[in-house]
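Enquirer: For reference, the sequence and a predicted model appear below.
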Amino acid sequence: TGVARLRADGRSIADYLRSHRTRTACLLICLIVCYATLYYLRPKVAAKSSEQPVLRSVRWLLADPLSVSVLMTVGLAAVLLPYPPGALNLVLGLVALLPTVLLLRKVVEKSLATYLYWLLAMYAFNQAPEILRFDAAWERLFFQSQMFVTVALLVHLQRRRRRAFLQARAEAAAENETVSSEALPPEDDNASASSGSSTEETRQLRLTGYVINTVLAGCVTALGSDLLGFTRLARFVSQATLNSLFAGVILLAGVLVLLSLLRLAGNLRPLNRLKMLNDDGALIEARLRRIIYWVAALMWAAFTLEQMMLLSPFTDWVAATLSTPVHIGQVSVSLADILRFGVVLWLTMKLSQLMRYILDREVFTRVMLPPGIPYALNSVLNYAIWIGGLLLAIASTGISLDRFTIFASAVGVGVGFGLQSIVN
């Protein structure tokens, strides 16, 4: 029965957590520390918001520290807990989705915020047959009803999104026309902030439309397959579509929380004393945002492929393609070796740029050095990083460094003379 199944799942979760007491205790400590830290920072950020307007953008995060702490703890649990049972994954998904809904309703477009609660209900209904174990006939009727309600809800949501998108686009066009017709830009920041918010709202609504259309196509396919008698195909398509949707929404909430936490940390001690954050904070934040979004997108794509049982075939195909040998004279390398070589050189270039940037902004501006010494130190550091990166790139291809002994010696002599002139 369903009750017996729930009891068995509860015992399996309890046994699993008892077998991983240390990691479970670390998760509880993380939850308490995160909540206490955010609760402690809330009044301080509220007091500094008048002096630092940028902190107003993170007040939504501190308004609900418990939801933020739970979401961060669940994300950490996905890393710390090895091979959790299926019942625990269902519970973690529900525990993560609830704070996700509570957090996203504060940042999404108001006309779409109500449907976040439908998303939570959709997750519960989607997992009900797995937990309660209905009979085959009742399970099929429940599935068809769920898909029909989901399709109707998505169609209604798409209509409301369409109206909100047209309204936001009209407002953005009117604001751009007003700004372009003026000889001078607006003196206050409210006009530019309003224009930026309208453009961002339009972008969010367009992205939401793509997501709704994709989920709608998956649900319609699942419903049609079940009506035609392909029940296993229908369950597979619905599970892959809805689980991908839930994972994407949770990842979106996690990305927004992480970006807000980084902005909060950058405007509080001790990071707010860094000159590079004071001078180039917007640029650094934009690049971090781009990296985080790309990482989240890759994680979501991998999860979606895993749900569709395509991740292993895809990785096998990529591995087979990259392992294809390429002969250059008497040297045989693969595409993977060439790719690793290029990636290591690119990382070397970025590391060299970053280290010189930190020295210029944070060290040489605080330490009084004789003229020419900062340039000499930057040059020495640049050469050292590039030499180490080049050797590491060559080693990553599997080529023995013995073949480059004479070349490395000649380069070392040349670099030595170059450094001598730089130091002089």
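Expert: Yep, it's here.
Enquirer: Helix or strand: which one has V326?
Expert: Following DSSP states H and E, one finds V326 within strand 325-328.
Enquirer: Whichever helix or strand comes after that strand: which residues count as buried?
Expert: Where DSSP H and E defines the elements, the next helix or strand beyond strand 325-328 is strand 331-334. Going by neighbour count (16 or more other Cβ atoms under 10 Å), the buried part of strand 331-334 is 333-334. Heads up, the C-betas are built off the backbone N, CA and C, glycines and all.
Enquirer: Would you mind pulling up the elements that strand 331-334 packs against?
Expert: For strand 331-334, the packing partners by 3 or more Cβ pairs under 8 Å, 6 or more residues apart in numbering; DSSP states H and E come out as strand 325-328.
Enquirer: For the strand it packs on, which strands pair with it and how are they oriented?
Expert: Sheet pairing here is set by DSSP bridges, and for strand 325-328 it gives strand 331-334 (antiparallel).
Enquirer: Report the mean confidence score over the strand it pairs with.
Expert: Mean pLDDT, strand 331-334: 74.
Enquirer: Then stretch 33-49?
Expert: Summarised as a single mean, pLDDT over stretch 33-49 is 89.
Enquirer: For it, buried residues please.
Expert: Of all the residues in stretch 33-49, those buried under the rule 16+ other Cβ under 10 Å are 34-35, 38, 41, 45, 48.
Enquirer: Likewise for stretch 370-384?
Expert: If you call a residue buried by 16+ other Cβ under 10 Å, then stretch 370-384 has these buried ones: 374, 376-378, 383.
Enquirer: ok, now stretch 63-80?
Expert: Result for stretch 63-80 [16+ other Cβ under 10 Å]: buried residues 64-65, 67-77, 80.
Enquirer: which two from those end up farthest apart in space?
Expert: Pairwise distances across the buried residues of stretch 63-80 peak at 23.8 Å for D64 and L80 (criterion: Cβ to Cβ).
Enquirer: Inside helices: which ones of the buried residues of stretch 33-49?
Expert: Counting by DSSP state H, those place 34-35, 38, 41, 45, 48 in helices.
Enquirer: now, among those, which is nearest to I292?
Expert: Among these, C34 lies closest to I292 (Cβ to Cβ), at 18.5 Å.
Enquirer: Please work out the average pLDDT along whichever helix or strand V149 is part of.
Expert: Per DSSP H and E, V149 falls inside helix 136-181. The pLDDT scores in helix 136-181 average 78.
Enquirer: which other helices and strands contact that helix?
Expert: helix 110-113, helix 115-132, helix 189-227, helix 231-266.
Enquirer: circling back to that earlier point, could you single out the nearest of the buried residues of stretch 33-49 to A4?
Expert: A4 has its nearest neighbour among those in Y35, at 35.5 Å by Cβ to Cβ.
Enquirer: Give me the nearest residue to that closest one, chain neighbours excluded.
Expert: In space, and not counting its chain neighbours, Y35 is closest to S69: 4.2 Å by Cβ to Cβ, 6 or more residues apart in numbering.
Enquirer: surely the one you found meets L38?
Expert: Yes. Between S69 and L38 there is a contact under Cβ atoms under 8 Å: 6.7 Å.
Enquirer: just to revisit the earlier point, now the buried residues of stretch 63-80 as CSV including secondary structure?
Expert: As requested, the buried residues of stretch 63-80 are arranged in CSV below (DSSP: H, G, I helix; E, B strand; the rest coil):
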residue, secondary structure
D64, coil
P65, helix
S67, helix
V68, helix
S69, helix
V70, helix
L71, helix
M72, helix
T73, helix
V74, helix
G75, helix
L76, helix
A77, helix
L80, helix
